[in-house]
Structures are given as structure tokens and as C-alpha cells.
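J.: Kindly return the folded structure for what I paste below:
(2 chains)
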2 protein chains.
Amino acid sequence: MTTMTTMKSISYKNIASPKGFKATGIHCGIKHKKKDLALLVSEVPASVAGVFTTNAIQGAPLIVTKEVVQKTGKMQAIIINSGIANSCTGKQGIIDAYTMQEKTAEKLGIEPNLVGVASTGVIGEMMKMDSLIAGIQKLNPIDELEGAIGFAQAIMTTDTVTKNTSYKTIIDGKEVIIAGTAKGSGMIEPNMATMLGFISTDANIESNHLQEALKSITDITFNSITVDGDTSTNDMVIVMANGLAENNTLTPEHLDWANFVQTLHAVSQDLAKMIAKDGEGSTKLIEVEVQGAVTDAEARIVAKKVVGSPLVKTAIFGADANWGRIIAAVGYSGAKLDPYAITIYIGTTKVVENGEPVPFSEEDLFIYLKQHEVKIIVELHQGDGEGIAWGCDLTYDYVQINATYRS
Amino acid sequence: MTTMTTMKSISYKNIASPKGFKATGIHCGIKHKKKDLALLVSEVPASVAGVFTTNAIQGAPLIVTKEVVQKTGKMQAIIINSGIANSCTGKQGIIDAYTMQEKTAEKLGIEPNLVGVASTGVIGEMMKMDSLIAGIQKLNPIDELEGAIGFAQAIMTTDTVTKNTSYKTIIDGKEVIIAGTAKGSGMIEPNMATMLGFISTDANIESNHLQEALKSITDITFNSITVDGDTSTNDMVIVMANGLAENNTLTPEHLDWANFVQTLHAVSQDLAKMIAKDGEGSTKLIEVEVQGAVTDAEARIVAKKVVGSPLVKTAIFGADANWGRIIAAVGYSGAKLDPYAITIYIGTTKVVENGEPVPFSEEDLFIYLKQHEVKIIVELHQGDGEGIAWGCDLTYDYVQINATYRS
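T.: From the prediction side, this is the model:
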């Protein structure tokens, strides 16, 4: 990983940027006014990888999309609606998801089993199929920024901003782009991603290796964010790689494998942090880094417990350096620890050393905690495990948004 | 359990009611104005049982009180302060907790190892020992309602109401009273009780059997509530049984054993529900009952996931019958389930049957959800396991209280 040659791209922040990808988003009538139907399509069938919610209740679209990912390993297009999740909608819901797939395939003139389906919104409502089918007919994907913006807007629910990122890298002397768009703002807790994420790339790679790459970075990106601890029924992250960059096929033995994985990691981490930062009602991004756990996995568990604690989240909303709540969350995380070996920093200020308070300037920390990005570091001194988790503060607006979501 | 002869007492709602118990609560100067120092004392040494937080970080008072419970099995008094938790206070904190024990013993003229210590409040601040020691000198416990009220008030932090209950029963023809007082409002999540609970009884029982009785009901009472998922460092429930009712010593073989356990259960459940209802900022008590799980333990896990979901809590605050969030929480609980076998009721209204929506009157449920006690029933149809959990809604006031707690 030390030979990383990726560069963050400024000019390619758009899911339609990798060669051969087009996108669009329109209003079809599921929501009152806002865009609610999105399409991402590749010129040629792409290798596909996907990770899906671990919730035992899964929305109908996941049945359809898992089938595409697992049976064929190829996807050429994915159709997404927002407003209705098509979850807990029984057999009719499954029929509706397959109809979305078929109608999109018809419109594009491709095989239905090359089309993925995703939905996000209210659980338990039936899809408005008339609006949806009419909407599909109107879709006109383009490889320009406008299409990508429409796509990003049309997958939003309570999101306040679109979430896009992209990187380019060089593989076999060829320019390869990896671009991603995500939505997610509430009902956000691993596992898995508890959100929708779509990543396009023109890299040349088979689906089994693409799946391997995606899985290797899911836990440290999408599964390391939490907004409210609620795991959705509809989450998925899909990566489509259409090979049009014409690099030699990527495998773990390829010299640029680590480079590719690291670039995919960068895209995924950007999207994960954007989702955490845009958590419902949030005013700031919280990053918790845990060092010195017995294992990396245990470090991530501790980091997620701290960043997920309602008491930590409200304290940070109030810019209150209440480290007692941080150490309490560390304590109930279940991780191996010695209370007298814990050191905690808020920003760069040490507030706890060896489990005991360290005097600090409340005023300085108040100013620090007023910022839009807050970092907490916890050192356990039990081993070499480290991990990071991202979340957001808990605010009046979270309550307001969720007390009135369906109204 | 069918031979239960307990009667809920109206007139004995007070921890000083069992024979030989006295209580008091005063202001000693840890808080600005409110009462902050409480004492419960028995005329004679009592058998004692206790359950304590499972948080790996534990406040200094727990070290002292566990020693009393585990070493001697006898306790005659317990001293409690609110305002400062004496947690994460290092060696000085432990010295301070032992000093609280010693000074209380001196004041009462009894052995220090018969005195328990409990604290609740801000983590990481050092005890104000001068105020505390001066306060201990002033304590004057009485066996009247006034003393019990003072006791209940002095253990409160963000609680808005005192929490008291009591029952009387007949054992061997003798009247036995079990009375309890609790505090707890935030940082409330099993395990264990994540709160302070004190139960006095004049029953005659050895400490090992008292511990057995307490443990048998902890999971289905104190460990079945959640306010915010945060497990405190200082929680404990203590039961003191001084034997002055003069019944024959209670053992599991005693004919009235089930009666005693059931009465203790009633006291504990009352206190647990009062704590849930008084959750920080809450406007209503939520009871979630799960039936048809594979085991009782799994039913409780599902019930706690539902009642602990921020999205369910905010929906109920908003009186929104958003059952999609309920079923999503059931789904991520980890329990064995079949999505197409789930039935859900809100109050007496069926909203989901076999995993699919059932039409219902939104208006009727809006009116139901506006009440101060809300019940949700989830049927899994996987087995005979059942369980109940209690919690509260998530409101603007929760955020307000916790964004400004130390300020």
C-alpha cells in the first residue's frame, strides 16, 4: 500500500465520468415534487460486485439485485427510486421490483438479468407502479455532469446534500477512474452499509475479484459509520466495472492491485464520511479513532460505540467536552481494556490519561467543539489494533425530522 | 406462581416502611441547591444482595459496595450522593469512597464493612469531600414518610419525579413488606440495571438466597429497560432484608418462596417501568411485548431493539404509526425469524400480518399514540419465547438536557 500512486481528482467528481457510463435522474411522481427516479447505465455489460444489508427483513429490490450480482456477475444498468422502499410489501412488492427490472431492460434494449434495482424511502407502502413505469420511459441518461447531478439528487430521501466523489489512477499506463455516488442520512448503522452506494469504474476486472476488493474495504468504510444505530432493510453498495479503460485484467497478482483497492477504498471512505456528516439533523462530523486495541476489529467496535452513543452525540452537539460519556461508552463496548490504561484526546487536547482526568481549558475545547469536524482519539494500550468510525451529533433537528417523517 | 397472594399496598409506598428501616436525604453542597446526600439504614444488620453494572469502567463506589455484598453478605446502611459519580477518579476516588463508608459508619456507630456506598452524577469530577463529610454528620434518618421522600429526592439527577413502590405480602402468617426507591433517567441501558435501585424488606432470608431471588428477576425487570443505550459506570440495585418480620427463613424450599420472589419482582418491575417512563425528556412510556420467539431471552432482545430504536422512539414522540421502523428493528435484532410470519400490533390495532401491511385507521392510531403509555406487540411465530421491554420516546428535550448537562 506504500506504493500508492492515486491522485485525488478535482475534475472528475461524477459517476458518469468513467468511460462508457451515463446517468440521469428525474421526477416521476412517487414524491410530490422532488426527483425520485435514477438510472446508471454502462455502454457494455460491466463486472459487478455488491454488499447488502444484514437486516433479516430485506426489501424486494435486494432479491432482484442479489440475483443479478450472484448469478451472472454482470450488470449493465441499475434503476433506483426514492420515496418508497418497497420493503414489507409481500409478493406484490417482489413482482413490482421485477417489473422495474424488466421495464428498464426494455427501455435500454438489454437483457433483464443485466439490470439491478434499488429503492429507498418509507417501508410498507406499495410502489406507485404507474408513475414508475411512465417515468422509466422518459429516462435519458447522459455522460455529462448534469446527468450525474440528477442521478445523485434522485436517490436522496432526507439527505440535505448530494454525495459524490471520484479518483483517477494509472493502471498499466492507462487512466482508470473510480467514481461514486451515495445517499443515506437516517437508519444508518452497519451492517452492512445501511445506505445506497453506487460506484462506477472503467477498470477491467472480473466480478469475483471486484467482489473481493469491495469486501476488503467495506468494514473499514461503509460499515464504520453510524447515525442512529438503525440498520435499514434496503441497503446496498454496488460497484460496476466495465473494462473500457483497457488495462490488463486486475487480479490480486496484478502489480497495481493494491493501487486499485486503495483507490476504491478512497472513494468508499469519502462516501461513508459524507453520509455520516449528513446524518439527519446533524451539524458536525465526528471521527473517533481507537488505537491500541487487541485487534483492528475490536478497535472499530469501540470507535463505533463511542460515535454511536446518544450521550456523546448530544454532548458534542452542545460543544461540551464531557469525556465521561466517551470513557463510559468505551467501557460498555465489550472490548478488552484496562480502565487505568486509557488515554483520550478531544482534538489534540489530552483529557484523560491512564483513566484519570487531565486538566484542560474548557474554553479552548468549547471553541474546538464548535467546529464542523470533531476528532476523538482513544488509546487503549492493549495491543496493535486500530480503527476509525464516523458519525454525527444528535440534534433537535434529528427529532424533528423523524417525528414527522411520514407526515 | 399461580398461588400468589400478594396485594399491592397503597399505604406503604415508602422505603422506610419495612420494620426497622429509616431513611433521609439532605442537601450537603455537591449540587447547587437540590438534595444530594441520602442514607438508608436498618436497625440491625440485614442480609444483602446486589447486582452491578457490566460496564468495564466502574465507579469507585462499586468497588466498596461489591466488597460489602460479596465478603460479608450483610449490610446495615447505604450512603448515596448525587451530582458527582466518583467514576474515573483514580486512586483518590477509591480513597474517597472508602472515606464515605468510614464516616457513615462512625456517624451510625457500626462497622464500616456494614456500609454500602453509591454515587451518581458527572463522571470524572473529584468528590467534594469536605461538603460530603460535613453532610454525613447532619444526617438524621427517620422511619417516616418524610425521610423516605428526602431519600428519594436526594438520589435524583435529571429525574423529574421520585420513584417509589412497595408491596406487602404474608409469609408464615407474618406481614412482610418489600419497598423500593430508584433513580435513573439517562445513560439507561442494561446491563445491568444502569440506574440506582434500593429495596428494603423486613423479610427473613439469608444473603445467598436473596441474591438468587434478585438475580432471577433482574433480567426481566431492570435489564429490560432502555432509554438511550448508554450503560453507566455506576449502576447498582441493592436489596437489604433485615428479618424483622420474623418469618421462618426463606429458602427456595419454603412454601412462600415463589410468593416472595413474585413480590420482589413486582417491586422491581414497578421501579424499572418508572425509570423508563421518566427517561430524559420523555413524554411517554413505551412497552414492547414480543411473543413467539425461539427463547424468552431472544424475545427480550427483540423487544429491547424495538424499544431502543431512535427511529421508533421519534416516531412515537410524533404519534406516527410508522410500523416500518418497528419491523426494521425486529429485522436487525439478530433473532431467528421469518419475515413472512411477523405480526405487529400498535395498541390493539393490527398493522402488519405475515410481514405485510394491514389497512388501519391512521387517525385512530394517532389518537392512541398521543397517550402517555403506548404498547407494541410483535408476534414472531417461531416458538414459545416471550419477553417485554420498556423505554420511552426520544424528544427535543432529550437533546436539550444532554447537550447542556454539565453547563
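J.: In the stretch 51-200 of chain A, what residue lies closest to chain B?
T.: Among the residues of the stretch 51-200 of chain A, residue A:123 lies nearest to chain B; the distance is 2.6 Å by Cβ to the nearest Cβ. All C-beta spots, glycine's among them, are computed from the backbone N, C-alpha and C.
J.: list the contacts for that residue?
T.: By Cβ atoms under 8 Å, 6 or more residues apart in numbering or on different chains, residue A:123 lies in contact with A:59, A:85, A:87-88, A:233, B:323-325, B:327-328.
J.: Name the nearest residue to it, sequence neighbours excluded.
T.: Once flanking residues are discounted, residue A:123 sits nearest to residue B:324: 2.6 Å by Cβ to Cβ, 6 or more residues apart in numbering or on different chains.
J.: what pLDDT, on average, does the one helix or strand that neighbour maps to get?
T.: In this assignment (DSSP states H and E), residue B:324 forms part of helix B:323-331. Mean per-residue pLDDT for helix B:323-331: 88.
J.: Is chain A within reach of the helix or strand just after that helix?
T.: Per DSSP H and E, helix B:323-331 leads on to strand B:343-346 as the next helix or strand towards the C-terminus. No: applying Cβ under 8 Å from any Cβ of the partner chain, one finds strand B:343-346 separated from chain A by no less than 9.8 Å.
J.: Skip ahead from strand B:343-346 and say which helix or strand is next.
T.: strand B:349-353.
J.: Pull out the buried residues from that next one.
T.: By neighbour count with 16 or more other Cβ atoms under 10 Å in any protein chain shown, strand B:349-353 contains the buried residues B:351-352.
J.: Does chain A have contacts with it?
T.: Yes: using Cβ under 8 Å from any Cβ, strand B:349-353 reaches chain A at residue B:352.
J.: contact partners of that strand?
T.: Outside strand B:349-353, the residues within contact range by Cβ under 8 Å, 6+ apart are A:88, A:124, B:321, B:323, B:326-327, B:342-345, B:357-358, B:360-361, B:364-365, B:368.
J.: Go again with 7 Å.
T.: By Cβ atoms under 7 Å, 6 or more residues apart in numbering or on different chains, the surrounding residues in contact with strand B:349-353 are A:88, B:321, B:323, B:327, B:342-345, B:358, B:360, B:364-365.
J.: can you list contacts of the helix holding residue B:324?
T.: Contacts to helix B:323-331, defined as Cβ under 7 Å, 6+ apart, come from residues A:55-57, A:87-88, A:122-124, A:187, A:230, A:232-233, B:302, B:305-306, B:309, B:311-312, B:315, B:337, B:342, B:344, B:346, B:351-352, B:376, B:378.
J.: Correct me if wrong: residue A:203 contacts residue A:260.
T.: Yes: counting by Cβ atoms under 7 Å, residue A:203 does reach residue A:260; the two are 6.3 Å apart.
J.: overlap in contacts of those two?
T.: Taking Cβ under 7 Å, 6+ apart as the contact rule, residue A:203 and residue A:260 both touch A:171, A:250.
J.: neighbour count winner among the two?
T.: Applying other Cβ atoms under 10 Å in any protein chain shown to residue A:203 and residue A:260 shows that residue A:203 carries more neighbours, namely 31 against 25.
J.: three-state assignment of the nearest residue to residue A:287 once chain neighbours are set aside?
T.: Leaving aside its sequence neighbours, residue A:287 sits nearest to residue A:375 (Cβ to Cβ, 6+ apart; 4.9 Å). Of the three states, residue A:375 takes strand according to DSSP: H, G, I helix; E, B strand; the rest coil.
J.: got it, and residue A:94?
T.: helix.
J.: That one - how many residues pack around it?
T.: The tally of other residues near residue A:94 (other Cβ under 10 Å) stands at 16.
J.: Report the buried residues of stretch A:48-64.
T.: Buried residues in stretch A:48-64, counted by 16+ other Cβ under 10 Å: A:48-62, A:64.
J.: What about chain B: which of those touch it?
T.: The subset of those within reach of chain B, by Cβ under 7 Å from any Cβ of the partner chain, is A:55-57.
J.: State the three-state secondary structure for residue A:18.
T.: Secondary structure, three-state DSSP: residue A:18 is coil.
J.: pretty sure it is touching residue A:175, no?
T.: No: checked against Cβ under 7 Å, the pair residue A:18 and residue A:175 is beyond contact range at 9.8 Å.
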